[in-house]
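Chemist: What follows is a predicted structure for the sequence shown.
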Amino acid sequence: MIYFIIILSVLFLALLLITFGRYRGTPKKLPKNYIKGLELLSDGDREKAIEYLNRAWMEDPENIEAYLRVGDILREMGKANSAIMIHRNLSVKPLIPRDKKIRVLKSLAEDYIAMKKYGEATKVLIKSMHEGDESQETARKLLWLFEMQEEWEKAYETARNIFTDRKKLYSYGVYAGMKLLKKDPDKAYHYIRQGLKAKIPLAKLANAFYLLEKEDINSGIKELINVLKEYPSYSDSGLDVLEKLMFDRGRFSEIESVYRDIIEKDPMNITAINHYVDFLLKKGDKNKALDLITNLNLPDNHPDTLHLKLTVYAETDIERIKELTPMLIRACKSTQKYKCRECGYETEVFDWKCPNCLTVDGFVRV
């Protein structure tokens, strides 16, 4: 009897293995309507693609992929409200596999973003992370959402999941601090101080702005002068502020030495040269302005340097402007750009953070 039970058990297990093996070995055939929908989508016929994908889903309500794609297509067609309804329904579907649920939540977040409902998109992505989504894509999207809502403390906490390099994290902290300065200077200084300890150059500029925000004007001016002399590349952000502060306080003579020191360290610092030329022309010192641009040997093929020469020649030598006319025509067709040192991303609008690689303080004028 015992032997009979053992033989039956072995036969039963063998049958299970054979059946399971056949199931595993036979891939599930994709529905024709689903395949047709994908083909139409690939051909750019979105309306027809939706029709066939809907058919595929009606034939097989478990075909989450088909319904998910319908929602994505609707969003791309500008029908984000309809996409939200589809993806929201999918997100509460019971027994949905975790990887599929994460995909649904990410699509739902994109729907809300298309509607500029950033708060809702944020909630959905946080839910996706709770479901086990550890992708950098989601972390970066969440960072962007917090930035759009100016929730800089939450943005910094999210940045911890993105930047493994501490210096980059502290640089981002300084960036967040600069954004927070007007709203909450003391909270901003928490991040700025952290950057100062980590010897982040941008933190010194941020500290100068912090002192000015706290109305410690003399200390702020002193700090700003030191920063611009040490890091001339910050002239675009700091010189206008410094110039106004010193002019308002009648400290005209002091600003000239700042211009000279910056140009001595960085002879192609167009911002400093521009400010200095403007300063000299307002003083009536036209020959000194002419000597400055002549001695610096500024090129004629760049819009900024061309503008400088035209400004000076208009006051000193009208005939020289005729020589620059061909270059002026070419310059009118070009635009000012900034390039990220880390990834090469180019933009016409300056920001302290590269939107492509998230590097802070990486843009240079080109």
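Modeler: Happy to help now that I have it.

Chemist: Quote the end-to-end distance of stretch 143-156.
Modeler: From its first residue to its last, stretch 143-156 covers 8 Å (Cα to Cα, to the nearest Å).

Chemist: quick one: contacts of it?
Modeler: 113, 118-119, 121-122, 125, 158-159, 162, 172-173, 176-177, 179-180, 183, 187, 191, 358 (Cβ atoms under 8 Å, 6 or more residues apart in numbering). Where C-beta positions appear, they are placed from N, C-alpha and C, glycine not excepted.

Chemist: got the residue ranges for the helices in the stretch 151-300 of the chain?
Modeler: 152-159, 166-180, 185-197, 201-213, 217-230, 235-248, 252-265, 270-283, 286-295 (DSSP state H, counting those that start in this stretch).

Chemist: just the stretch 1-150 of the chain next, same as before
Modeler: Counting by DSSP H, counting those that start in this stretch, the helices of the stretch 1-150 of the chain are 2-25, 32-42, 46-59, 64-76, 80-91, 98-114, 118-130, 136-148.

Chemist: Comparing the ones you listed, which yields the minimum mean pLDDT?
Modeler: Lowest mean pLDDT of the helices of the stretch 1-150 of the chain: helix 2-25, a mean of 42.

Chemist: re earlier: take the helices of the stretch 151-300 of the chain and lay them out in CSV including mean pLDDT, mean neighbour count and distance to residue 130.
Modeler: Output for the helices of the stretch 151-300 of the chain, formatted as CSV (pLDDT from 0 to 100; neighbours: other Cβ atoms under 10 Å; distance: least, Cβ to Cβ, whole Å):
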stretch, mean pLDDT, mean neighbour count, distance to residue 130
helix 152-159, 97, 20, 14
helix 166-180, 97, 22, 23
helix 185-197, 97, 18, 27
helix 201-213, 97, 22, 34
helix 217-230, 96, 18, 43
helix 235-248, 94, 17, 39
helix 252-265, 92, 16, 50
helix 270-283, 90, 19, 47
helix 286-295, 87, 16, 60
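
Chemist: Dump these to CSV, plus distance to residue 365.
Modeler: Shown next, in CSV, are the helices of the stretch 151-300 of the chain (distance: least, Cβ to Cβ, whole Å):
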stretch, distance to residue 365
helix 152-159, 26
helix 166-180, 19
helix 185-197, 23
helix 201-213, 16
helix 217-230, 16
helix 235-248, 7
helix 252-265, 14
helix 270-283, 7
helix 286-295, 18
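
Chemist: what's the distance between residue 83 and residue 166?
Modeler: Separation of residue 83 from residue 166 (Cβ to Cβ, to the nearest Å): 40 Å.

Chemist: Surely residue 111 is in contact with residue 91?
Modeler: No. Applying Cβ atoms under 8 Å, one finds residue 111 not in contact with residue 91, separated by 10.8 Å.

Chemist: Just give the closest residue to residue 70, not the sequence neighbours.
Modeler: Excluding the flanking residues, the one nearest residue 70 by Cβ to Cβ, 6 or more residues apart in numbering is residue 53, at 4.9 Å.
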